[in-house]
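Chemist: Got a predicted structure here, sequence first:
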Amino acid sequence: MERTTHTEKVKCLIIGSGPAGYTAAIYASRANLAPRLYEGMQPGGQLTTTTDVENFPGYPDGVVGQTLMDDLRRQAERFGADLRFGVATAADLSATPYKVTIDDELCVEADTLIIATGATAKYLGLADEKKYAGMGVSACATCDGFFYRKKVVAVVGGGDTACEEAIYLAGLASKVYLLVRKPFLRASQIMRERVMKHSHIEILFEHNAIGLFGEEGVEGVHLVKRLGEPDETRYDLPIDGFFLAIGHQPNSSIFTPWVETDETGYIITEGNSPRTRVPGVFAAGDVADPHYRQAITAAGSGCKAALEAERYLSAQGAIS
Ligand code: NDP
């Protein structure tokens, strides 16, 4: 916090601008908490990187991810939420008011804090993942699987997420290759059994993807079997879609000295609530959710966090 040049004070501070953050801002502003929200590195969050969102209730014809987030943003603005550009770069939750540093220069003191910083899907780091972003590469089967009906896709990963994504995609695609770098699946027994007996899924063990090819979108993947072994082999596999399911990284690092997290960094909250172990500090959306990770569940938890913030401030006598 030492590089800050000035300090401002708010009742309710929200960090993050995905469905959780904006929904918290809508509820908090309607409850007269005068929330201030910092939008972070990617205003609108993960949904701005997908194309059509077809599973968010209320949009029978689907909605472009960016449009959905613009709508949520405008809705929060309509009730007076103070939405600002800025990235939270440090935090001190050791005492109230809680302190969050924005862009290494502004210290915002807050009576309540809602952490809605989301999670970032991990990618392999191939240049082709960027080249074909939105053109056959995805890190979300439930968001984009529908576009691969009766097509051939590959899913990378051997954990529960990869199995879940492969099973979901197998209900749509004609064929799903599960690319697993080890000779076994790390996923739970039940998920292992489900993928192994699914007729549309073929598991390619000891396979690494090293690149993609295609003219106007993904048409195939360059594979290496038994990378680095004497019998290493390389070949190309035709596919239409390439899905990453190698885990997510919750964006919680600046808060981890104070809130409780699991071994990956997901913030642990009390039961079904967004309450962290720090009174008045709440966590909503993907940063606290390794299981569902949906826009609608994030929005729901953002609503809960704002209601909790309102109750907390009322109990402190901070609002009438
Ligand atoms: P995991 O960390 O469990 O699995 C990641 C997988 O991706 C592993 O198979 C790993 O391989 C592979 N991987 C990682 N990096 C690379 C790479 N560079 N190249 C190729 N493969 C790679 O993440 P998940 O998201 O699957 O699960 C996270 C947590 O959430 C787990 O605790 C899981 O049980 C839980 N979960 C539970 C669900 C449920 O209960 N329904 C659903 C989804 C998740 P390797 O094994 O070689 O390290």
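Modeler: Received it, and whenever you're ready, just let me know what you need.

Chemist: who's in contact with A284?
Modeler: By C-beta atoms under 8 Å, 6 or more residues apart in numbering, the residues touching A284 are 20-21, 23-24, 114-116, 274, 298, 301-302, 304-305. (C-beta placed from N, C-alpha, C; glycine too.)

Chemist: Okay, and which of these map to strands?
Modeler: Judged by DSSP state E, strands contain the following of the contacts of A284: 114-115.

Chemist: so which of the contacts of A284 comes closest to Y38?
Modeler: The closest of these to Y38 turns out to be G21 (C-beta to C-beta; 8.7 Å).

Chemist: tell me the contacts of the closest one?
Modeler: Contacts for G21 (C-beta under 8 Å, 6+ apart) come out as 14-15, 37, 39, 45, 114, 116, 284-285, 302.

Chemist: how much space between F255 and the ligand?
Modeler: Distance of F255 to the ligand, given as C-beta to the nearest ligand atom, to the nearest Å: 20 Å.

Chemist: Just give me the neighbour total for that residue.
Modeler: Using other C-beta atoms under 10 Å, F255 has 27 other residues around it.

Chemist: Flag every residue of this structure that's near the ligand.
Modeler: 124, 156-162, 164, 181-182, 186, 246-247, 290-291 (C-beta under 6 Å from any ligand atom).

Chemist: just to revisit the earlier point, the contacts of G21: which two are farthest apart?
Modeler: E39 and A284 (15.1 Å).

Chemist: could the contacts of G21 go into TSV alongside pLDDT and distance to F242?
Modeler: Converted to TSV, these look like this (pLDDT from 0 to 100; distance: C-beta to C-beta, whole Å):
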residue	pLDDT	distance to F242
I14	98	34
I15	98	32
L37	98	34
E39	97	29
G45	88	22
I114	98	35
A116	98	29
A284	98	31
G285	98	26
G302	98	31
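
Chemist: ok, so of these, who is nearest A209?
Modeler: G45 (26.3 Å).

Chemist: residues touching Y123, list them.
Modeler: Taking C-beta under 8 Å, 6+ apart, one finds 129, 139, 244, 246 in contact with Y123.

Chemist: Now find how far off-centre the helix or strand harbouring A110 is within its chain.
Modeler: A110 belongs to strand 106-115 when assigned by DSSP states H and E. With C-alpha atoms, centre = their mean, to the nearest Å as the basis, strand 106-115 stands 22 Å off its chain's centre.

Chemist: Just checking: what are the partner strands of the helix or strand that comes right after that strand?
Modeler: Next along the chain after strand 106-115, taking DSSP H and E as the criterion, comes strand 119-121. Its sheet considered, strand 119-121 pairs with strand 248-250 (antiparallel) by DSSP bridges.

Chemist: Show me where the stretch 151-300 of the chain has its strands.
Modeler: 152-156, 175-179, 201-204, 207-213, 220-225, 233-238, 241-244, 248-250, 281-283 (DSSP state E, counting those that start in this stretch).

Chemist: No further queries at this time; thank you.
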